[in-house]
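Chemist: predicted model, plus sequence, below.
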Amino acid sequence: MEGKLRGYNESHYIVGSQREGTTTLDMDSDTDHLIILNDALVVFDWAEWEKDKTILLAIRNNTTPPQVCYLQRLRADLPLKMDHPVHPTDELDEEGRVLMSNTWMERRIWEMYKHIGPMIFHGPSKSFAEKEDMVLAFPCASMPEECTFLFRRPIPGHFPKPETLERARHCPTFLVPQGYPFSEDKHLQWRISTSLWERFLVFDFTAEQQHVYVLLKMVRKWFIKPVVGDKLSTFHMKTAVMFTVESCQPDIWRRDNIIACAVNCLNTLLRWIRMGKCPHFTTYGVNLFDGKLNRRQLHELKEIITQIKTHNMWCIYQIKMDMLGFRLLPDIHILNDSRRLNNQMRILKEILFTIPGTVSCTLSRQMSASKEQNIYEATDTIIGQLRKLHATLYFGTSMEQEAASLFLPHLYGSLASTLASCCIAVQLPVTQFVINLYKLSFTSDLMSTKLKCASMLYCSGQCAEAAQVLTHCEGLLGPDVTHYCVCEDRLWLVRNQSESYLRIGLDGNVVALLKSHSTMCVKFSIHERCCVPEHLQGEMFRTLTHEDLQLRNVNNAWMDLVVIDCVPFLHYLQYLVYRQLGQPVSKRVALLKLVDYVCQPEGIRGHVDTAIHMLAHCAELENLPEAVLDLYQDSVRDFPRNNIANWHLARFLQ
């Protein structure tokens, strides 16, 4: 969704265990992102050349390793080869052909996302977070010859199903930036990938076959990984399960026969280990052990797997991951039911953290990027993004539509505040059109965009109307409301969700729960600054020194914004509004609520520094200089870098 909002012509897929549903909480699996760059096209024949597109010709010969090719750049105006390098990573071969290096992808990631910080490498994956693997790939114009193997070889019929094969036949293949491990010029090589095919094949697994696969992944992680590391990967296990499912009759895959089926899969793997060759399920001529396991490691694997299967996998009782061994003991059905509910709650918490996190980080990066634009460009960008999201609502998949529904209200709020800020800057009244945009934003979550509206009303002098909105917002708070902040370095891992809140998520729609019972932190970009109380506008300039900048990374885009948690912002606005309206009792009540919030026990808040700064401003307005000084010093002590309190202290001590 982020690529679509930023105008990139790309397709984004989640592949691997998180998408397949073949992981557990304690397995702690990575999230694998496959990003297809649709502006380019890989062709295997000159007849596939297309005008005005980045065309890359796949080159192979008799000495090229299996599943691998080189990419030659072709001209976009004529079906001719490029005669000079167009990128610093390009290389000329002996025949004068311009070859694209697979290190080009690293630079492309930096250009696309403007990341700050060290890049992490996992095979073809380049990312900036340990649990997020990101692979950029080029689509192929046609199916590579070795991939037709899946459709040409004899297949029993029960797996893969005919409809799955037909779906795979029309699914694209890709080239990912990874060379053959033993090649001297592997930096120039690209590997053929059928990731989406493999995803369809796992979707074809029955529940029992999935259980076998998950069990084997747990065995790999618990018993095999300590010996050979990730040399034997989950992909090897997946391949063994696929070939075993294909070769065995469907009636053996029963709930009461899980162990026997797992042993069958281990027998398949053991046969490959003895041969020293692991075939690829979808691609001909590939040995998945190449570059992974040496002869000594293969011998160690043979010993481990033989020992595991000799005792009919009794070793699984030793697996502590997800309490597997304990849960297999007899006569603990009641405990298993309790454990199942506990797992459901844990999974729900992960989902309820991941979705707001994705939305929040994407919005922060978009809003931060707008600081490089003027007001007209920023407005046009938001309008363009709204159009794309509306198109997704009409023509996207159900999942894409749901994702679009999460982003749309926030963008309406940003557009409304941007336009309102322009009106306030030139002392014009905020129009009804802008008010209507705010109303369209109110479904973002419980109150963040409502508070943006209330802030605009206060800044435009409409304090009575602001007071009404704030009273409504306070009435929305309750024991079943959960507050989320996922900004790095201010991370609020919510541990205090009520059981009733979580049960709403178990019984209903998670997206609806996030919109009706949850709040996210409030964000203002530089183009919305006139809709923010003047004292808070400095929050978007918290990076004061070179040392501050060095401590920032890719996930700190929010530091270019004014970001505030909902509850303290609510009470701060109440204080300012009631002060302006001349209501001292209501003003004092709001101030005491803000004090109570700031004085909560540590560890349950997000942007506590900004909350302290709001309280310090109130103390300044109340003419309490000692309290102001103490508050800013507390803020700097907790967050010595990237903190506008350093500037406030300098201002206050002048």
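Modeler: That came through, no problem. Numbering: from 1, shown residues only.
Chemist: burial measure for Tyr578, as a count.
Modeler: Neighbourhood size, Tyr578 [other Cβ atoms under 10 Å]: 22. Glycine gets a C-beta too; all of them are placed from N, C-alpha and C.
Chemist: who's in contact with whichever strand or helix holds it?
Modeler: Using DSSP states H and E, Tyr578 sits within helix 566-581. Contacts to helix 566-581, defined as Cβ atoms under 8 Å, 6 or more residues apart in numbering, come from residues 446-448, 451, 454-455, 458, 463-464, 466-467, 470, 473-474, 477, 483, 519-522, 533, 584, 586-587, 589-591, 593-594, 597-598, 610-611, 614-615, 617-618, 621.
Chemist: what stretches of the stretch 201-350 of the chain score poorly on pLDDT?
Modeler: Scanning the stretch 201-350 of the chain for pLDDT under 70 picks out the ranges 323, 325-340.
Chemist: where along it do the helices fall?
Modeler: 207-219, 225-228, 234-247, 258-275, 295-310, 324-327, 333-369 (DSSP state H, counting those that start in this stretch).
Chemist: helices or strands up against the longest one?
Modeler: What that stands for is helix 333-369. helix 2-5, helix 324-327, helix 398-425, strand 482-484, helix 499-507, helix 510-516, strand 518-520, strand 522-524 (3 or more Cβ pairs under 8 Å, 6 or more residues apart in numbering; DSSP states H and E).
Chemist: for these, which has the smallest mean pLDDT value?
Modeler: If you rank the helices and strands packed on helix 333-369 by mean pLDDT, helix 2-5 sits at the bottom with a mean of 56.
Chemist: in the helix holding Tyr578, what counts as buried?
Modeler: Buried residues in helix 566-581, counted by 16 or more other Cβ atoms under 10 Å: 566-579.
Chemist: who touches stretch 646-654?
Modeler: Residues contacting stretch 646-654 (Cβ under 8 Å, 6+ apart): 538, 541, 544, 613, 616, 625, 628-629, 632-633, 636, 640.
Chemist: ok, those vs Arg274, which is closest?
Modeler: Distance to Arg274, by Cβ to Cβ, is smallest for Pro640 among the contacts of stretch 646-654, at 59.6 Å.
Chemist: wait, a helix at that closest one?
Modeler: No: read with DSSP: H, G, I helix; E, B strand; the rest coil, Pro640 is coil and lies in no helix.
Chemist: check which helix or strand covers the nearest residue to it once chain neighbours are set aside.
Modeler: Spatially, and ignoring its direct neighbours in sequence, Pro640 is nearest to Asn646 (8.0 Å; Cβ to Cβ, 6 or more residues apart in numbering). Assigned by DSSP H and E, Asn646 belongs to helix 645-653.
Chemist: circling back: among the helices and strands packed on helix 333-369, which is nearest Thr173?
Modeler: Of these, nearest to Thr173 by Cβ to Cβ is helix 2-5, at 20.4 Å.
Chemist: and the helices of the stretch 201-350 of the chain as JSON lines, adding mean neighbour count and distance to Val286?
Modeler: Formatted as JSON lines, those follow (neighbours: other Cβ atoms under 10 Å; distance: least, Cβ to Cβ, whole Å):
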{"stretch": "helix 207-219", "mean neighbour count": "20", "distance to Val286": "20"}
{"stretch": "helix 225-228", "mean neighbour count": "14", "distance to Val286": "20"}
{"stretch": "helix 234-247", "mean neighbour count": "21", "distance to Val286": "10"}
{"stretch": "helix 258-275", "mean neighbour count": "19", "distance to Val286": "12"}
{"stretch": "helix 295-310", "mean neighbour count": "15", "distance to Val286": "17"}
{"stretch": "helix 324-327", "mean neighbour count": "16", "distance to Val286": "32"}
{"stretch": "helix 333-369", "mean neighbour count": "16", "distance to Val286": "33"}
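Chemist: would you turn the ones you listed into JSON lines with distance to Ser421?
Modeler: Output for those, formatted as JSON lines (distance: least, Cβ to Cβ, whole Å):
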{"stretch": "helix 207-219", "distance to Ser421": "51"}
{"stretch": "helix 225-228", "distance to Ser421": "54"}
{"stretch": "helix 234-247", "distance to Ser421": "50"}
{"stretch": "helix 258-275", "distance to Ser421": "61"}
{"stretch": "helix 295-310", "distance to Ser421": "62"}
{"stretch": "helix 324-327", "distance to Ser421": "55"}
{"stretch": "helix 333-369", "distance to Ser421": "13"}
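Chemist: these: which one's closest to Arg97?
Modeler: Per Cβ to Cβ, nearest to Arg97 of these: helix 234-247, 32.3 Å.
Chemist: tell me the angle of the closest one relative to helix 295-310?
Modeler: 50 degrees (axes from the mean of the first three to the mean of the last three Cα atoms, to 10 degrees).
Chemist: for helix 234-247, what is the distance to the chain centroid?
Modeler: Computed by Cα atoms, centre = their mean, to the nearest Å, the chain-centroid distance of helix 234-247 equals 28 Å.
Chemist: which helices and strands sit right next to it?
Modeler: Using 3+ Cβ pairs under 8 Å, 6+ apart: helix 234-247 touches helix 195-203, helix 207-219, helix 258-275.
Chemist: just the buried ones out of the contacts of helix 566-581, please.
Modeler: Here, 16+ other Cβ under 10 Å leaves 446-448, 451, 454-455, 458, 463, 466-467, 470, 473, 483, 519-522, 533, 586-587, 590-591, 593-594, 597-598, 610-611, 614-615, 617-618 buried among the contacts of helix 566-581.
Chemist: state the distance from His483 to Val567.
Modeler: Applying Cβ to Cβ, to the nearest Å, the value for His483 to Val567 is 7 Å.
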